[in-house]
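Let's see this in three dimensions:
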Amino acid sequence: MRLHIWTWFMVFVVAVFVLLWLSQIIFLQNFYDRMTAKEVGRQADRIIAAYETGDADQLRSTCDEAAVDCNLCITIFDSLQRPLIYSRDVLGINCVIHGRNNKSAAAIRALREEGSGVLIRKSPNEQTGSMLLIYACTIGSTEKPEAYLLMNTPLAPVAMTVGVLQKMLIIITVILILLAFAISFIVSNRLAKPIVTVTKEAEQLAHGRYDIRFTGGSYDEADRLAETLTYASREINRIDSMQRDLIANASHDLRTPLTMLKAYAEMIRDLSGDNPVKRNEHLNVIIEETDRLTALVNDILDLSKLENGKMQLERTEFDMEQRLTEIVERYRGLSGVSGFRFALETDGAAQVCCDAGKIEQVICNLINNAMNYSGEDKQIFVTQKHTPEGIRISVRDTGEGMDQETISRIFDKYYRSENYTRKVVGTGLGLSIVKAILRLHDYAFGVDSRVGEGTTFWFQIHDTADTESAPKTDEA
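From the prediction side, this is the model:
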């Protein structure tokens with residue numbers, strides 16, 4: 001990378017110098033000649049404009065000004081090639097078209113032959129040996145000219161100037177090339193060093209060092225890249241830990257019921273095969289463990305489909321108050337066995353449009369989670385409330401609550417809080433499924449908790465109609 005940056009920088013410098021040498025040394029004479037011809041042509045337009053006014057004094061003044069300003073020798077001939085006017089101030093050795101001489105006649109003859117109306121050519125001055133620019137044009141129409149304007153000006157040789165410039169450019173080129181070499185080397189190192197450092201650190205990340213902290217450089221872009229890669233390494237480390245935990249927990253959850261299935265099947269084969277009572281007890285245990293395995297596999301499959309976007313929502317309109325009442329009543333049927341008490345509080349009918357089965361799964365998972373972590377009073381509170389943002393459903397327990405670190409990880413796969421006092425029932429994927437379903441619906445959700453004050457899980461459903469009714473509260 002350093003070599004590429006240095007190479008392109010030096011290519012740019014060399015290109016600048018090549019352009020400078022071409023313009024200042026090789027093409028300087030041609031450029032000077034073109035600019036001189038352009039300026040002479042501009043003065044010719046002024047003189048022709050003064051001629052067309054018919055004012056002899058103005059014409060004479062214009063010719064004298066042009067002669068002095070541009071070092072011109074100017075002569076105007078009539079249609080019979082007789083001199084009408086010539087400049088008084090420039091009549092020295094550089095004037096070759098003054099009067100009826102061979103230069104004037106040749107220029108007018110060439111102007112007539114070409115028929116273009118303008119003639120520009122270079123001609124040597126026999127007296128000085130220098131080059132002159134001769135400019136001739138017709139005044140009036142090209143076919144029947146009223147007069148002819150002839151001008152000449154010396155073309156200053158730029159060979160000496162080119163020699164001086166060449167020596168100066170050689171010195172400047174050597175100095176600037178050395179300076180460019182040093183600057184490009186420093187800049188390429190400064191630009192490439194952070195990238196090289198980050199690349200080496202990324203290679204360590206690729207070999208499994210997730211605790212590495214990337215370092216940037218002298219540029220904001222390099223610092224942002226380093227920060228992004230550092231964050232990515234932390235996330236990869238966290239995901240890798242979660243994956244290991246997932247495999248360990250899933251293996252444990254699968255191994256336990258499989259061991260139980262094998263043990264009780266062997267007991268039926270060897271001991272209780274002829275005892276109906278014992279056989280039924282052992283078969284019930286096998287059925288329960290099979291159901292547990294089925295629930296675990298179903299949860300894993302459901303979560304995989306939800307996270308991969310392969311599960312489609314079947315939206316229907318229904319009354320959330322009625323659905324909550326049905327769910328809580330089912331749990332109340334277990335109160336005599338489990339000892340839990342369920343309280344439902346709603347503020348009226350709530351018409352919503354969503355996947356009823358998936359939302360019911362969310363509510364059941366939240367209630368099951370609350371049962372695992374509730375306090376000794378075994379109270380679970382389910383609430384429905386209309387808010388400006390929609391229908392807010394919340395499930396609250398009276399357990400030990402959670403700290404902020406636990407809250408930030410509570411929706412991760414297989415993560416279980418240690419703040420519970422009874423055996424946790426479930427696969428450890430319930431809250432992950434809750435998060436996936438609510439994200440699929442694009443519903444807001446969250447958890448509010450403090451240590452020692454219990455925990456409230458909530459989510460917000462977009463309501464389709466606001467039905468006002470008196471608040472309703474029932475408790476069992």
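
got a list of what the residue lying closest to residue 370 once chain neighbours are set aside touches?
Excluding the flanking residues, the one nearest residue 370 by CB to CB, 6 or more residues apart in numbering is residue 397, at 3.9 Å. Yep, even glycine has a C-beta here, placed from its N, CA and C like the rest. Contact analysis of residue 397 by CB atoms under 8 Å, 6 or more residues apart in numbering lists 370, 371, 373, 374, 375, 379, 380, 381, 454, 455.

where's residue 153, which helix or strand?
For residue 153, the enclosing helix or strand under DSSP states H and E is strand 145-155.

Report the rounded mean pLDDT for the next helix-or-strand element following that strand.
Next along the chain after strand 145-155, taking DSSP H and E as the criterion, comes helix 159-206. For helix 159-206, mean pLDDT is 73.

cool, stretch 18-35 as well?
Stretch 18-35 comes out at a mean pLDDT of 73.

Repeat that for stretch 350-368.
For stretch 350-368, the mean pLDDT works out to 89.

now what about it, what contacts it?
In contact with stretch 350-368 (CB under 8 Å, 6+ apart) are residues 313-321, 323-324, 327, 331, 342, 380, 382, 384, 386, 391, 393, 395, 425-426, 430-431, 433-434, 437-438, 440-441, 457, 459, 461-465, 467.

for that stretch, which positions count as buried?
If you call a residue buried by 16 or more other CB atoms under 10 Å, then stretch 350-368 has these buried ones: 350, 352, 354-356, 358-359, 361-368.

One more: stretch 396-406?
Those buried within stretch 396-406 under the rule 16+ other CB under 10 Å are 396, 397, 398, 399, 400, 401, 402, 406.

Return the closest of the residues you listed with respect to residue 142.
residue 406 (99.4 Å; CB to CB).

Give me the subset of the buried residues of stretch 350-368 lying in helices.
Members of the buried residues of stretch 350-368 lying in helices (criterion: DSSP state H): 356, 358, 359, 361, 362, 363, 364, 365, 366, 367, 368.

With respect to residue 29, which of these is nearest?
Using CB to CB, these come closest to residue 29 at residue 358, 85.8 Å.

how close does residue 461 get to residue 194?
According to CB to CB, to the nearest Å, residue 461 stands 48 Å off from residue 194.

ok, back up a step: Throw the ones in helices among the buried residues of stretch 350-368 into JSON lines and include distance to residue 258, thanks.
As requested, these are exported to JSON lines (distance: CB to CB, whole Å):
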{"residue": "356", "distance to residue 258": "34"}
{"residue": "358", "distance to residue 258": "30"}
{"residue": "359", "distance to residue 258": "33"}
{"residue": "361", "distance to residue 258": "26"}
{"residue": "362", "distance to residue 258": "29"}
{"residue": "363", "distance to residue 258": "31"}
{"residue": "364", "distance to residue 258": "26"}
{"residue": "365", "distance to residue 258": "25"}
{"residue": "366", "distance to residue 258": "29"}
{"residue": "367", "distance to residue 258": "28"}
{"residue": "368", "distance to residue 258": "23"}
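
picking that back up, neighbouring strands for the strand holding residue 153, and are they parallel or not?
strand 73-78 (antiparallel), strand 131-140 (antiparallel) (DSSP bridges).

Those strands: which one's closest to residue 109?
strand 131-140 (9.9 Å).

any idea of the mean pLDDT in the closest one?
Taken as a whole, strand 131-140 has a mean pLDDT of 87.

So which bits of it are buried?
Within strand 131-140, the residues that qualify as buried are 132, 133, 134, 135, 136, 137, 138, 139, counting by 16+ other CB under 10 Å.

what angle separates the helix or strand harbouring residue 59 from strand 145-155?
Element membership of residue 59, judged by DSSP H and E, is helix 56-70. Orientation of helix 56-70 against strand 145-155 (axes from the mean of the first three to the mean of the last three CA atoms, to 10 degrees) gives an angle of 20 degrees.

what helices or strands is helix 56-70 leaning on?
Using 3 or more CB pairs under 8 Å, 6 or more residues apart in numbering; DSSP states H and E, the elements in contact with helix 56-70 are helix 28-53, strand 73-78, strand 83-86.

partners of the last one, with directions?
For strand 83-86, the paired strands and their directions (DSSP bridges) are strand 73-78 (antiparallel).

Assumed residue 284 was part of a helix.
Yes - assessed with DSSP: H, G, I helix; E, B strand; the rest coil, residue 284 lies in a helix.

Report pLDDT for it.
Taking residue 284 on its own, its pLDDT is 78.

Endpoints of stretch 311-331, how far apart?
27 Å (CA to CA, to the nearest Å).

Give the buried residues for it.
311, 320, 321, 323, 324, 325, 327, 328, 331.

need the helices for the stretch 351-476 of the chain, in chain order.
If DSSP state H, counting those that start in this stretch is used as the criterion, the helices of the stretch 351-476 of the chain fall at 356-373, 404-409, 430-441.

Of these, which is nearest residue 170?
helix 404-409 (68.9 Å).

With just CA atoms, put that closest one into PDB.
The C-alpha trace of helix 404-409 is given here as PDB (Å, rounded to 0.1, in the frame of the first residue of the first chain):
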ATOM      1  CA  GLN A 404     -29.300  -3.500  34.400                       C
ATOM      2  CA  GLU A 405     -26.800  -6.000  33.100                       C
ATOM      3  CA  THR A 406     -29.300  -8.800  33.400                       C
ATOM      4  CA  ILE A 407     -32.000  -6.700  31.600                       C
ATOM      5  CA  SER A 408     -29.600  -6.100  28.700                       C
ATOM      6  CA  ARG A 409     -29.200  -9.900  28.200                       C
END
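
and it, what's its mean pLDDT?
In the prediction, helix 404-409 has an average pLDDT of 81.

List the buried residues in stretch 444-462.
445, 447, 449, 454, 455, 456, 457, 458, 459, 460, 461.
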